[in-house]
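K.L.:
pasting the sequence and the predicted model now:
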Amino acid sequence: MPVDERDLQAALAPGALATAAAGTAAQGPRLDWPESSSDSLSSGDSDSDESVYKVLLLGAPGVGKSALARIFGGVEDGPEAEAAGHTYDRSIVVDGEEASLMVYDIWEQDGGHWLPGHCMAMGDAYVIVYSVTDKGSFEKASELRVQLRRARQTDDVPIILVGNKSDLVRSREVSLDEGRACAVVFDCKFIETSAALHHNVQALFEGVVRQIRLRRDSKEANARRQAGTRRRESLGKKAKRFLGRIVARNSRKMAFRAKSKSCHDLSVL
Ligand SMILES: Nc1nc2c(ncn2[C@@H]2O[C@H](COP(=O)(O)OP(=O)(O)OP(=O)(O)O)[C@@H](O)[C@H]2O)c(=O)[nH]1
């Protein structure tokens with residue numbers, strides 16, 4: 001649902017981000033996707049995890065960020081959309097588990113009122129949108145990816161590159177392959193959407209949830225591994241590991257190819 005602008009300003013105050021976001025989202029009603037999917041329907045009141053994932057939409061003006069956010073928020077175009085503001089919270093069920101998302105469509109909004117530094121620091125995941133009909137917006141997406149990498153050097157935050165307006169076939173300036181290649185180079189996930197046709201919008205936000213969860217799970221597994229008692233490795237095992245590294249180095253090209261195959265699969269790391 002749309003969130004009041006004043007709440008949003010309070011939410012963006014340093015130190016208040018997490019608490020404010022969590023509070024607002026927890027109070028929001030659970031909505032169904034505009035397009036039907038049994039997997040995504042919220043199950044009403046449930047006791048599942050209520051932690052809120054903050055998702056920021058970045059991208060050049062006019063690429064369709066608001067259109068995507070409104071579909072997520074279940075807000076129709078027209079006066080309702082005008083009144084909606086720039087933030088949408090909603091719970092969705094992905095892979096049988098409920099997740100609360102707060103989607104922020106605040107990038108370069110309101111005359112730059114929202115500081116880019118804040119935006120880059122606050123997200124649990126980022127959706128960088130370009131329009132497949134606008135090469136300039138594609139280049140801007142790469143710039144944003146670089147900026148984001150700089151801002152979040154130590155964090156493994158999921159980034160999904162989105163080529164929107166895929167319905168505008170005749171005016172396409174960026175091919176599917178170019179989008180995919182860019183995602184591989186910049187180490188992020190990739191999907192093409194059409195907000196106009198509601199195509200892949202649901203897959204996008206479900207993918208965001210999966211990407212956040214995959215990182216959370218692998219972080220937890222790493223922490224468990226480190227906390228556990230480390231068994232002493234035999235010399236044979238060490239040699240095996242060493243050889244494994246060499247093989248891995250030699251097969252970098254293969255890895256690149258494998259990555260370009262998986263960059264559009266939002267359900268794997
Ligand atoms: N054909 C088509 N038009 C779209 C699509 N997504 C958005 N649009 C149109 O593109 C225009 C810009 O969309 P917005 O959602 O306002 O784009 P934005 O990125 O939020 O733009 P700013 O608010 O300026 O940053 C609007 O006229 C939308 O109706 C799409 O998938 N296909």
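P.N.:
Cool, got the structure.
K.L.:
just give the nearest non-adjacent residue to residue 162, would you?
P.N.:
residue 129 (4.6 Å; CB to CB, 6 or more residues apart in numbering). Just so you know, the C-beta spots here come from the backbone N, C-alpha and C atoms, and that holds for glycine as well.
K.L.:
which other helices and strands contact the strand or helix carrying that neighbour?
P.N.:
Assigned by DSSP states H and E, residue 129 falls within strand 125-131. Counting by 3 or more CB pairs under 8 Å, 6 or more residues apart in numbering; DSSP states H and E, the packing neighbours recorded for strand 125-131 are strand 52-59, helix 65-73, helix 135-151, strand 159-164, helix 201-227.
K.L.:
who does it pair up with?
P.N.:
According to DSSP bridges, strand 125-131 forms sheet pairs with strand 52-59 (parallel), strand 159-164 (parallel).
K.L.:
deepest-packed of these, please.
P.N.:
Ranked by mean neighbour count, the strands paired with strand 125-131 are led by strand 159-164 with a mean of 27 (mean count of other CB atoms under 10 Å).
K.L.:
residues contacting the helix or strand that it is followed by, please?
P.N.:
Note on strand 159-164: by DSSP H and E, the next helix or strand toward the C-terminus is helix 176-185. With contact meaning CB atoms under 8 Å, 6 or more residues apart in numbering, helix 176-185 is reached by 130, 132, 138, 141-142, 161, 163, 189-190, 192, 256, 259-260, 263-264.
K.L.:
list only buried entries from the residues you listed.
P.N.:
Listed as buried from the contacts of helix 176-185 are 130, 132, 138, 141, 161, 163, 189, 190, 192, 260, 263, 264; burial here means 16 or more other CB atoms under 10 Å.
K.L.:
nearest to residue 220 among these?
P.N.:
Nearest to residue 220 among these is residue 189, at 20.7 Å by CB to CB.
K.L.:
measure stretch 179-190 end to end?
P.N.:
End-to-end span of stretch 179-190 (CA to CA, to the nearest Å): 7 Å.
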